[in-house]
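Q: Requesting a structural model of the entry that follows:
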Amino acid sequence: MPELPEIEAWVRDLDGPVSTTAVLRAGPAHIATLKTFEPPLAALEGRRLEGARRRGKHLLFPTEDGELVLRIHLMSAGRLRHLKAGAKGPKSPAFRVRFEDGTELVLTEAGAKKRAGVWLQTPAATEAELAHLGPEALDVDARLLREILANDNRRLHSLLRDQRALAGIGRAHANEILWRAGLSPFSLSTQLTDEEVERLAAAIHEDLERALELRVRGKSDKDVYLIHRRLGDPCRHGHDASNGGPIHQVDYEEHTVFYCPACQTGGRILKDRRLSRLLR
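A: Now for the predicted structure:
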């Protein structure tokens with residue numbers, strides 16, 4: 001699923017192009033993709049978008065007159081592209097906005113499951129629906145992070161992925177951040193020392209800022225991720241097989257935790273989540 005660095009890179013890339021000319025036609029949209037029906041998509045036509053914004057993992061396109069917001073959530077398989085006039089696009093995208101200059105904003109989604117969403121709402125409705133989101137991950141310092149951790153006794157990997165706690169971090173960057181901080185994904189949030197909280201806060205900023213810089217440059221997952229989806233690879237910190245260096249993983253139904261035993265769990269390996277006691 002696209003996370004803060006990818007979404008923010010898209011926002012920066014789309015901000016200018018989508019505000020150049022007014023909307024000529026909005027839609028059609030796949031029946032499973034469009035989540036709102038009032039106002040209708042046609043209400044966008046003739047209006048100019050103010051630009052591109054972001055809240056957590058949500059892409060926001062407010063209209064210049066301040067009356068509407070087009071909100072898009074890509075979920076795991078959605079992708080958003082801005083096509084130049086005359087460029088060949090997909091025949092049946094999940095959603096399309098065509099502008100008066102011939103350019104298009106196109107949402108596609110791979111696979112049979114259509115989970116990406118498009119909403120057309122008033123600014124007040126958008127604000128209400130996103131009110132549950134926590135602070136933006138890049139806006140959180142050690143003091144605020146300490147409060148968040150203290151108020152929610154959960155394992156760190158789960159908490160970092162919870163948009164109600166921190167907005168913008170998902171499965172991949174939870175793996176990256178915890179590895180960078182040298183903390184077990186299974187540590188409890190309320191049991192961190194002050195020094196560990198400081199390390200975690202620094203790791204959040206270091207990882208997300210590094211990833212954003214790479215995404216803005218058009219780099220792919222293989223350049224961005226240092227531990228995520230790197231099962232069996234040697235740890236970038238120089239460990240070898242004798243001290244738990246290769247990257248390990250723990251599989252769950254909806255996600256996979258990647259970690260370095262030498263860096264994060266004192267060399268201990270969680271071999272089977274169903275049979276082993278979770279590491280602290």
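Q: Where does pLDDT dip in this structure?
A: 239-245, 271-280 (pLDDT under 70).
Q: Can you find which helix in it contains the most residues?
A: helix 194-216 (DSSP state H).
Q: Give me the contacts around the next helix or strand after that one.
A: Where DSSP states H and E defines the elements, the next helix or strand beyond helix 194-216 is helix 221-224. Contacts with helix 221-224, where a contact means Cβ atoms under 8 Å, 6 or more residues apart in numbering, come from 5, 172, 211, 214, 215, 228, 229. In short, each C-beta sits where N, CA and C put it, glycine included.
Q: And those residues, which is closest to residue 54?
A: Comparing these against residue 54 with Cβ to Cβ picks out residue 5 as the nearest, at 10.9 Å.
Q: Counting by contacts, list what the helix or strand hosting that closest one packs against.
A: Assessed by DSSP H and E, residue 5 sits inside helix 4-14. Applying 3 or more Cβ pairs under 8 Å, 6 or more residues apart in numbering; DSSP states H and E, we find helix 4-14 packed against strand 53-55, strand 58-62, strand 78-83, helix 194-216.
Q: The second one versus strand 78-83: what angle between them?
A: What it means is strand 58-62. Computed by axes from the mean of the first three to the mean of the last three Cα atoms, to 10 degrees, the angle separating strand 58-62 from strand 78-83 equals 40 degrees.
Q: Sheet partners, orientation included, of the next helix or strand after strand 58-62?
A: Counting by DSSP H and E, the next helix or strand C-terminal to strand 58-62 is strand 69-73. The partner list of strand 69-73 in its sheet, established with DSSP bridges, is strand 58-62 (antiparallel), strand 117-121 (antiparallel).
Q: For this structure, just list every one of the helices.
A: All helices of the chain, identified by DSSP H, fall at 4-14, 123-129, 142-150, 156-161, 171-181, 194-216, 221-224, 261-264.
Q: returning to what we had before: would CSV of the strands paired with strand 69-73 with distance to residue 21 and mean neighbour count be doable?
A: Below are the strands paired with strand 69-73 laid out as CSV (distance: least, Cβ to Cβ, whole Å; neighbours: other Cβ atoms under 10 Å):
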stretch, distance to residue 21, mean neighbour count
strand 58-62, 14, 22
strand 117-121, 19, 21
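Q: To residue 130, which of these lies closest?
A: Closest among the strands paired with strand 69-73, using Cβ to Cβ: strand 58-62, at 6.4 Å.
Q: what is the orientation angle of the closest one with helix 4-14?
A: Going by the same axes, to 10 degrees, strand 58-62 makes 20 degrees with helix 4-14.
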